[in-house]
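Visitor: okay, predicted coordinates and the sequence, questions at the end:
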Amino acid sequence: MGKSYRQRHIEQGLCVRCTKEAEPGYLMCKEHIAKAREHNLIYYQKNKEKIKARIRNLKKRYEEEGRCRECSMPILEEDLAKGYLYCENCRMKRSIPKRPKYQHILEFACEDFD
Ligand SMILES: [Zn+2]
Ligand SMILES: [Zn+2]
């Protein structure tokens with residue numbers, strides 16, 4: 001269903017809302033990022049507490065699944081054994097732009113917008 005279409009686009013680096021190329025580090029093209037941002041801000045203002053709780057849960061889940069709390073990428077077994085909560089990339093490349101801070105919110109917001 002919609003999920004696999006979305007997944008396919010993510011894998012191909014395409015926007016999940018259209019067929020344009022997604023911006024690096026994003027799931028959407030420039031145009032849709034701008035749209036989602038706008039929508040997202042309103043959505044966030046209205047659902048602040050709910051969103052914060054969801055992010056908290058998500059981070060907890062990432063931790064349980066051994067995924068990076070920052071970018072949700074799987075953490076290497078050996079790093080997990082050392083107790084790291086972040087993937088190698090997020091630990092090493094502090095100066096390189098990370099996945100946008102509100103990416104998770106952006107993803108939530110997109111579920112009910114067009
Ligand atoms: Zn798009
Ligand atoms: Zn990471």
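Guide: Cool, the structure landed. Numbers count the residues shown, from 1 in each chain. Ligands and ions are numbered 1, 2, ... in the order given.
Visitor: and what about residue 71, helix, strand or coil?
Guide: coil (DSSP: H, G, I helix; E, B strand; the rest coil).
Visitor: distance check, it against residue 45.
Guide: In this view, residue 71 and residue 45 are 26 Å apart by C-beta to C-beta, to the nearest Å. All C-beta spots, glycine's among them, are computed from the backbone N, C-alpha and C.
Visitor: and for residue 21, the neighbour number?
Guide: Residue 21 has 12 neighbouring residues, counting by other C-beta atoms under 10 Å.
Visitor: looking at it, it is touching residue 13, isn't it?
Guide: Yes. Judged on C-beta atoms under 8 Å, residue 21 makes contact with residue 13 at a distance of 6.4 Å.
Visitor: overlap in contacts of the two?
Guide: Common contacts of residue 21 and residue 13 (C-beta atoms under 8 Å, 6 or more residues apart in numbering): none found.
Visitor: in the longest helix belonging to the chain, which residues are buried?
Guide: Using DSSP state H to define each element, the chain has its longest helix at helix 30-65. Counting neighbours by 16 or more other C-beta atoms under 10 Å, one finds that the buried residues in helix 30-65 are 32-33, 35-36, 39-40, 43-44, 51, 58-59, 62.
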